[in-house]
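Participant: fold the following for me, if possible:
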Amino acid sequence: MISNKKKLDASDMKYKIKIMRKGTNVQDPVSGKWTQNNDFILCEPWAAINSLSGDEFWTAREKQQREVIVFKVFWCSALSDLDSKDWIVYGGKEYDIVYPDNLFNENNILKIKAVVRT
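Facilitator: The predicted model follows:
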């Protein structure tokens, strides 16, 4: 049986990106004071990058979203809880994650829609 699933080849991964996460609040057990840890790099995968096309483009345009980019990376356990509070740094710009999609729930390819921060 022939599969219609789009495969992602490692040769498509031409762009190094950083996936960032906000630091957490931590309470000192002795003093009781709260401090914020620094933001940190969740991972630095190689990615395939595309802009939206077709229906996705027009839907994003209706929602006033500018410069929506789709990053495709190989799934790893560090990205298992990726959500819209995380962000991507690529090409000197920061992108807010709109929707991370674990394609076919196979833990193989993660398709991340993101919009440039203004």
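
Participant: so where do the helices sit in this protein?
Facilitator: Along the chain, the stretches classed as helices by DSSP state H are 54-62.

Participant: what's the single longest strand in it?
Facilitator: Ranked by residue count under DSSP state E, the longest strand found in the chain is strand 93-102.

Participant: tell me the buried residues in that one?
Facilitator: Residues of strand 93-102 classed as buried by neighbour count (16 or more other Cβ atoms under 10 Å): Tyr95, Ile97, Val98, Pro100. Quick note: C-beta positions are derived from backbone N, CA and C, even for glycine.

Participant: any idea what the first one is bridged to?
Facilitator: Which is Tyr95. Ile88, Val116 (DSSP bridges).

Participant: distance check, Ile112 against Val26.
Facilitator: 28 Å (Cβ to Cβ, to the nearest Å).

Participant: so between these two, which is more surrounded?
Facilitator: Neighbour count, other Cβ atoms under 10 Å: between Ile112 and Val26, Ile112 has more, with 22 against 11.

Participant: list the contacts of that one.
Facilitator: By Cβ atoms under 8 Å, 6 or more residues apart in numbering, the contact list for Ile112 reads Val70, Phe71, Lys72, Val73, Leu82, Ile88, Ile97, Tyr99, Pro100, Asp101.

Participant: with pLDDT added, can I get these in CSV?
Facilitator: Converted to CSV, the contacts of Ile112 look like this (pLDDT from 0 to 100):
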residue, pLDDT
Val70, 91
Phe71, 95
Lys72, 94
Val73, 95
Leu82, 93
Ile88, 97
Ile97, 94
Tyr99, 89
Pro100, 92
Asp101, 91
